[in-house]
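Peer 1: Fold the following, please.
(2 chains)
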Amino acid sequence: MSNMSFREKSAWISFVLILVLAVIYFGEMGAHMFLHVGHPSTFLFPILVLAVIGLEIILLFALRMRDPSDARTPRDEREQLIALKARSVAYPILAFCAFSSIATMHISGSNKFDMAQAILLAVIVGELSRLGAQIVYFRRGA
Amino acid sequence: MAGCAVTNNIKRLRFDRHDMTQQELADKIGVTRQTINAIELGKYSPSLEVAFRIAAVFGVPLDEVFAFNNGRRK
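Peer 2: Reported below is the predicted structural model:
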């Protein structure tokens, strides 16, 4: 009997996949913007997003097949509390990162594209914070 | 909610009821097995509704399942 519920496992899957997406995409962008190496493809982000969505669907389907009753169990009060607490952790982080993206306007040589990258980074950091907080609360009990 | 002041006898009550598993109890009250485990370990204090449901499954009063240690934390 697994120690993790279906929702905890799905939080882990989302966290790892989004982290991999962020490392690949911002690694590529960072190398281009700061080290001036490589030419990132316009389609890199959409391809990565589609890959993450596809992998997430496949992995969640595999999880569901392994233990259908666990996957069918509706979200209970503890899981709802964990989701709320994780959002309250992630919101200030998202707000801080989103406001910080304004700073790109004051960096000489930066443009709208750089600001869009900063906003995208803020959204991804916010989502990783939410999923990370969920995982921590699941491990702690609530 | 680690170290909460609410203690419980769920584990003993389960064993008294023909070794009822955490999953069986969870199915009867509509929560996940992990939530029952968290309650038993004192990591999570359930809502009144879930507490009453647990007591109803065992057919005992609420204070036979849960106790509040006023001012004392594990």
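Peer 1: where's the closest residue to residue A:120 other than its chain neighbours, which helix or strand?
Peer 2: With Cβ to Cβ, 6 or more residues apart in numbering or on different chains as the criterion, residue A:120 has its nearest non-adjacent residue at 7.9 Å, and that residue is residue A:45. Heads up, the C-betas are built off the backbone N, CA and C, glycines and all. According to DSSP states H and E, residue A:45 maps onto helix A:44-66.
Peer 1: Go through that helix and flag the buried ones.
Peer 2: Across helix A:44-66, burial judged by 16 or more other Cβ atoms under 10 Å in any protein chain shown covers A:45, A:48, A:52, A:56, A:59, A:60, A:63.
Peer 1: Now do it: everything it contacts.
Peer 2: Here helix A:44-66 makes contact (Cβ atoms under 8 Å, 6 or more residues apart in numbering or on different chains) with A:6, A:9-10, A:13-14, A:17-18, A:20-21, A:24-25, A:28, A:41, A:71, A:120.
Peer 1: burial of residue 31, as a residue count?
Peer 2: Picking chain A for this. Residue A:31 has 13 neighbouring residues, counting by other Cβ atoms under 10 Å in any protein chain shown.
Peer 1: Can you look at chain B instead?
Peer 2: Neighbour tally, residue B:31, other Cβ under 10 Å: 24.
Peer 1: same thing with residue A:41?
Peer 2: A total of 10 residues lie near residue A:41 under the criterion other Cβ under 10 Å.
Peer 1: And the nearest residue to it once chain neighbours are set aside, how close does it get to residue A:138?
Peer 2: Once flanking residues are discounted, residue A:41 sits nearest to residue A:47: 7.7 Å by Cβ to Cβ, 6+ apart. As defined by Cβ to Cβ, to the nearest Å, residue A:47 lies at a distance of 31 Å from residue A:138.
Peer 1: In contact with the residue nearest to the spatial centre of chain B, which residues?
Peer 2: The centroid of chain B falls nearest to residue B:10 when counting by Cα atoms, centre = their mean (4.6 Å). By Cβ under 8 Å, 6+ apart, residue B:10 lies in contact with B:25, B:36, B:39, B:40, B:54, B:65.
Peer 1: Backbone dihedrals for the first one, both of them.
Peer 2: Looking back up the chat, that one is residue B:25. Dihedral angles of residue B:25 (phi, psi; degrees, to the nearest 10) stand at phi -60, psi -40.
Peer 1: what does stretch B:46-55 contact?
Peer 2: Residues from elsewhere that reach stretch B:46-55 (Cβ under 8 Å, 6+ apart): A:77-78, B:10, B:25, B:28-31, B:35, B:39, B:61-62, B:64-66.
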